[in-house]
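> Just to be clear, the model below is a prediction. Sequence and coordinates:
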Amino acid sequence: MYSQQPFIQTELWKHGPVPGQFYNFPGTNQSTANFGGFSAAGQSGTQHSSSPMTTGTSVIGVKFDGGVMIAADNLISYGSLARYQDVQRVFKINEKTIIGAGGDFADFQSLKRSIDQKMVEDMCYQDDIDMKPKSLYNWLTRVLYNRRSRFNPLWLEMVVGGMQDGEPFLGHVDLRGRAYEDNVVATGFGKHFALPLVREQISNGEVLSQSEASQVLRKCMEVLYYRDCRAISKYSVAVSTAQGTIVQGPFEVSQNWELATMINGY
């Protein structure tokens with residue numbers, strides 16, 4: 001049998017970490033850190049959140065003939081609790097740009113303050129130059145990738161749309177800074193339930209009209225309400241055209257629960 005010998009620090013490891021203990025490298029944060037509610041002063045660096053609490057679910061964006069629509073329901077969940085049921089998650093940035101946010105709503109509020117400050121600066125210059133949707137889209141990729149690279153990501157999935165030099169623009173950015181442009185984009189459960197519905201409508205290559213885009217978004221929000229337990233029946237829609245941008249709603253999806261009477265335990 002092997003006998004267990006106590007660990008003795010040699011000269012080589014004189015200033016190194018002791019096995020089984022935390023170690024602060026030179027230049028790191030020595031302030032108090034919390035571990036499971038207990039204070040452990042000087043035993044770790046900055047702690048980052050990897051489990052957001054106040055979250056929004058799917059956002060869906062669609063191009064149509066002459067513009068872009070982005071839709072999202074009005075629920076912010078606190079964990080599994082449908083806590084805030086009248087919170088708008090689609091926004092007008094300026095007359096050319098709209099945005100929708102899924103994920104941690106507190107992270108989005110922090111990001112939105114920076115965007116709002118940029119809009120104030122644009123107004124103060126009074127040079128008729130506004131942030132275009134592709135500029136905001138590219139800026140978001142840099143911000144989200146930067147935070148991801150620091151292992152402190154903004155827990156967000158963003159949909160950016162608007163009119164770029166007279167043409168509709170629609171893009172998606174996730175918390176790792178990955179981005180793509182398409183005629184239809186979605187976040188969360190919308191990737192699985194909404195994208196097939198929209199692509200079915202545009203499978204023949206035809207461009208949707210504004211009324212057709214509104215109807216297909218309504219159908220998507222209805223399906224998500226039935227299938228996503230973090231969604232509610234109330235939703236808002238942001239619309240961007242050459243004439244400007246507007247946020248419409250809230251709207252109510254159609255509901256039919258007659259089938260539920262056939263399920264045991266209903």
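Yes, it's here. These numbers come from a predicted model, not from an experiment. Numbers count the residues shown, from 1 in each chain.
> Just the C-alphas of the helix or strand hosting Arg142, formatted as CSV.
Assigned by DSSP states H and E, Arg142 falls within helix 133-149. Extracted in CSV, the C-alpha atoms of helix 133-149 (Å, rounded to 0.1, in the frame of the first residue of the first chain):
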residue,chain,number,x,y,z
PRO,A,133,-29.3,49.0,-40.6
LYS,A,134,-26.1,47.4,-42.0
SER,A,135,-23.9,49.8,-39.9
LEU,A,136,-25.8,48.8,-36.7
TYR,A,137,-25.6,45.1,-37.8
ASN,A,138,-21.8,45.3,-38.2
TRP,A,139,-21.4,47.2,-35.0
LEU,A,140,-23.4,44.5,-33.1
THR,A,141,-21.2,41.7,-34.5
ARG,A,142,-18.1,43.5,-33.1
VAL,A,143,-19.6,44.2,-29.7
LEU,A,144,-21.0,40.7,-29.2
TYR,A,145,-17.8,39.1,-30.5
ASN,A,146,-15.7,41.3,-28.2
ARG,A,147,-17.7,40.3,-25.1
ARG,A,148,-17.6,36.6,-26.2
SER,A,149,-13.8,36.8,-26.5
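> That one: what's the following helix or strand?
Taking DSSP H and E, what comes next after helix 133-149 is strand 156-164.
> returning to that earlier point: please name every helix or strand in contact with the helix holding Arg142.
strand 97-104, helix 105-125, strand 156-164, strand 167-173, strand 179-181 (3 or more CB pairs under 8 Å, 6 or more residues apart in numbering; DSSP states H and E). Yep, even glycine has a C-beta here, placed from its N, CA and C like the rest.
> For it, buried residues please.
By neighbour count with 16 or more other CB atoms under 10 Å, helix 133-149 contains the buried residues 133-137, 139-141, 143-145, 147-148.
> Mind putting the helices and strands packed on helix 133-149 into CSV with distance to Val247?
As requested, those are exported to CSV (distance: least, CB to CB, whole Å):
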stretch, distance to Val247
strand 97-104, 8
helix 105-125, 14
strand 156-164, 12
strand 167-173, 16
strand 179-181, 22
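> Tell me, how many residues neighbour the nearest residue to Leu170 once chain neighbours are set aside?
With sequence-adjacent residues excluded and distances taken as CB to CB, 6 or more residues apart in numbering, Leu170 is closest to Gly161, at 4.6 Å. Other residues lying near Gly161 total 32 when counted by other CB atoms under 10 Å.
> could you give the angle of whatever helix or strand Ser240 lives in to helix 133-149?
For Ser240, the host element (DSSP H and E) is strand 234-241. Per axes from the mean of the first three to the mean of the last three CA atoms, to 10 degrees, the angle that strand 234-241 makes with helix 133-149 is 130 degrees.
> So what are the sheet partners of the very next helix or strand once past strand 234-241 and their directions?
Later in the chain than strand 234-241, the nearest helix or strand by DSSP H and E is strand 244-252. Using DSSP bridges, strand 244-252 pairs in its sheet with strand 234-241 (antiparallel).
> what's the model's confidence in the strand it pairs with, averaged?
If you average the pLDDT over strand 234-241, you get 92.
> Just checking the distance from that strand to the centre of its chain.
Remark: strand 234-241 is offset 16 Å from the chain centroid, using CA atoms, centre = their mean, to the nearest Å.
> Identify the residues contacting the helix holding Arg142?
93, 96-99, 111, 115, 153-154, 156, 158, 160-164, 169, 171, 173-179, 181, 240 (CB atoms under 8 Å, 6 or more residues apart in numbering).
> does Lys63 count as helix, strand or coil?
strand (DSSP: H, G, I helix; E, B strand; the rest coil).
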